[in-house]
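J.: fold the stuff below for me.
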Amino acid sequence: MACTVSNGQSIGRVRADLKPEIQVTETPDAERIISYFDSQPRQPKVTMYAVRLFSDNSQSARASAHSAANRFENLMEGIEPRVTYEIPYFRVTAGRFIDRTDAVALCGKVLGAFPKAFVVEEEVTIN
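T.: The predicted structure follows:
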């Protein structure tokens, strides 16, 4: 079985990119399902900036992450930290800013308590 790469994201573009010697057989529902997903509105995404306060993958990382989040909450009222787990790391991130300068300012404020803090970009889906 051979594979080909298509430049398109729709079933029509995929078919147009196929070489003539390639035969494609679809189940009856395949085109209907693909057409349905193609017709759904795309949720826009925006790049935002935040401050990574903590990242660890040790055995005590979960407890340490929650401890870091609690320390941040006591240090900076009104900005809620987010504890996430992305295999294999527990991470604590705070703030969501459109302007990188605001994230850098927050990072500067917390460096005493979080000396390894740094600014990160996050892609956020707008609902």
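J.: tell me who's in contact with Asn57.
T.: Going by CB atoms under 8 Å, 6 or more residues apart in numbering, Asn57 touches 88-90. From N, CA and C alone the C-beta is placed, and that goes for glycine too.
J.: hey, where'd the strands end up in the chain?
T.: Counting by DSSP state E, the segments of the chain that form strands are 45-56, 81-86, 89-97, 118-125.
J.: turn those strands into CSV, including mean pLDDT.
T.: Supplementary listing: the strands of the chain in CSV, determined by pLDDT from 0 to 100:
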stretch, mean pLDDT
strand 45-56, 96
strand 81-86, 96
strand 89-97, 97
strand 118-125, 94
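J.: how about those strands, which one is nearest Lys109?
T.: When those are compared for distance to Lys109 using CB to CB, the nearest one is strand 45-56, at 9.1 Å.
J.: deepest of the strands of the chain, which one?
T.: Between the strands of the chain, the one whose residues have the most neighbours on average, counting mean count of other CB atoms under 10 Å, is strand 89-97 (a mean of 20).
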